[in-house]
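Q: how does the following fold in three dimensions:
(one chain, ligands or ions: 1)
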Amino acid sequence: MILQVQKILNSKYIDIDEEIDKIPLPEGMKTVGIINFRARISHGENYEIHMIGHLKAKVCIKCVVCLEDFEEDLDIDFNETYVPNNNDSPPGVERPIEELDIFIYKDGYLDTDEIARDMLLGNISPYPTCTRCVST
Ligand SMILES: [Zn+2]
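A: Residues are numbered from 1 along each chain as shown. Down below sits the predicted model:
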């Protein structure tokens, strides 16, 4: 889903409850079934966008021990802030240095598919291990 930032800025907040069919993931990983993305999206004084919500998905990943594919449920609570890239900033707004590692949005929109993808990748273990291999 593409969210127009202008629409968010014009509202007090927007609630979304979206079902995403499929999210493209790197080789060896895939989403299984519907991904549920729920969020309340609001904004701050300087075009920053706050997104608080929950992402629920099932992924199929490869176990690093036995190399078998297995499924893992991911329940991710998130509370993120997005700021515009410099082109979108209102003139004269200086952003404090500590904001540099928060998320940037470009071209006046946010794409929930991309956001969900980043969150999934950020929450999948770098060394995924299936339950069978964990217990032995
Ligand atoms: Zn395994």
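Q: after the longest strand seen in the chain comes which helix or strand?
A: When every strand of the chain is counted residue by residue (DSSP state E), the longest turns out to be strand 69-84. The helix or strand immediately downstream of strand 69-84 is strand 103-105, counting by DSSP states H and E.
Q: touching that next one from outside, list them.
A: Residues from elsewhere that reach strand 103-105 (Cβ atoms under 8 Å, 6 or more residues apart in numbering): V5, I49, E80, T81, Y82, V83, P84, N85, D88. In short, each C-beta sits where N, CA and C put it, glycine included.
Q: in this structure, where is pLDDT below threshold?
A: 86-101, 136 (pLDDT under 70).
Q: could you list the residues in contact with the longest strand of the chain?
A: For strand 69-84, using Cβ under 8 Å, 6+ apart, the contacting residues are 5, 32, 39, 44, 46-63, 89, 95, 99, 102-106, 108, 110, 115, 119-120, 123-124, 128, 130-131.
Q: one step back: and the contacts of strand 103-105, which two are furthest apart?
A: Greatest spacing in these, by Cβ to Cβ: E80 and D88 (17.3 Å).
Q: what residues sit buried inside stretch 49-58?
A: Using 16 or more other Cβ atoms under 10 Å as the test for burial, stretch 49-58 gives I49, H50, M51, G53, L55, A57.
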